[in-house]
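1. Following is a predicted model, sequence given first.
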Amino acid sequence: MRILRFFLGLGLALLTHFVGVRLVPQFPLATDLFLVVLVFQGLEGDALAGLLAGVLVGLVQDTLGGGIYGLYGVTDTIVGYATAKVAQRVVIQRPTGVMLAFTLASAAQQVLLALLALTVFPDPVLPQPAWALVRVGTTAFVGLAVWTGLGFWRSRYTSWRTNRTARVHFN
């Protein structure tokens, strides 16, 4: 079921990415929906699943980005694995903890992208600091909004399941 949720989230992120780029060309600079999917997978606490999700999400981002192939693959693999390892040791249930997890994951991704570009390439193209801060903030906000919405939906579904009655009438 987790893998189905992951692929459903990845598909929704792809669809939203394509629509967002069509409407606003700077959409990928402002938010990273793929990182939201990756952090959700990492918050499950399974290190191997976080690692594999990071590889897949990174390859998808590299394919869509049009830049140097492999940068997002490496950084998302590290971020997915690190998020899962932290989630194994820390219980993240409150909105502040979730917001912190998304913020740190997004900031770590931006820093790792810059460090990897500086290390590997002679003339690297670094993200602009203003766009990096906007991306960290909006990604954390979107992650928290999705987490809150899913929590509300789960509580409503659980309430419906426990309160439903059999509507069988015998005449």
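-> Arrived safely, thanks for sending.

2. from here on, contacts and neighbour counts on C-alpha atoms
-> Noted.

3. name the helices or strands packed onto whichever strand or helix holds residue 5?
-> Using DSSP states H and E, residue 5 sits within helix 2-23. For helix 2-23, the packing partners by 3 or more Cα pairs under 8 Å, 6 or more residues apart in numbering; DSSP states H and E come out as helix 27-30, helix 33-42.

4. relative orientation of it and helix 33-42 in degrees?
-> Calculated by axes from the mean of the first three to the mean of the last three Cα atoms, to 10 degrees, helix 2-23 forms an angle of 170 degrees with helix 33-42.

5. buried ones in helix 2-23?
-> Under the neighbour-count criterion of 16 or more other Cα atoms under 10 Å, helix 2-23 has 6, 9, 10, 13, 14, 17, 18 buried.

6. all helices for this protein, in order.
-> For the chain, helices defined by DSSP state H occupy the ranges 2-23, 27-30, 33-42, 47-65, 71-89, 95-120, 129-163.

7. how far does the third one sit from the chain's center?
-> Spelled out, that is helix 33-42. In terms of Cα atoms, centre = their mean, to the nearest Å, the centre of helix 33-42 is set 2 Å apart from its chain centre.

8. relative to helix 129-163, how tilted is it?
-> Going by the same axes, to 10 degrees, helix 33-42 is angled at 50 degrees with respect to helix 129-163.

9. can you give me the angle helix 33-42 makes with helix 95-120?
-> Between helix 33-42 and helix 95-120, the angle comes out at 120 degrees (the same axes, to 10 degrees).

10. same deal with the fourth one?
-> Per the same axes, to 10 degrees, the angle that helix 47-65 makes with helix 95-120 is 60 degrees.

11. Could you export the helices and strands packed on helix 2-23 as JSON lines, including mean pLDDT?
-> Shown next, in JSON lines, are those (pLDDT from 0 to 100):
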{"stretch": "helix 27-30", "mean pLDDT": "89"}
{"stretch": "helix 33-42", "mean pLDDT": "95"}
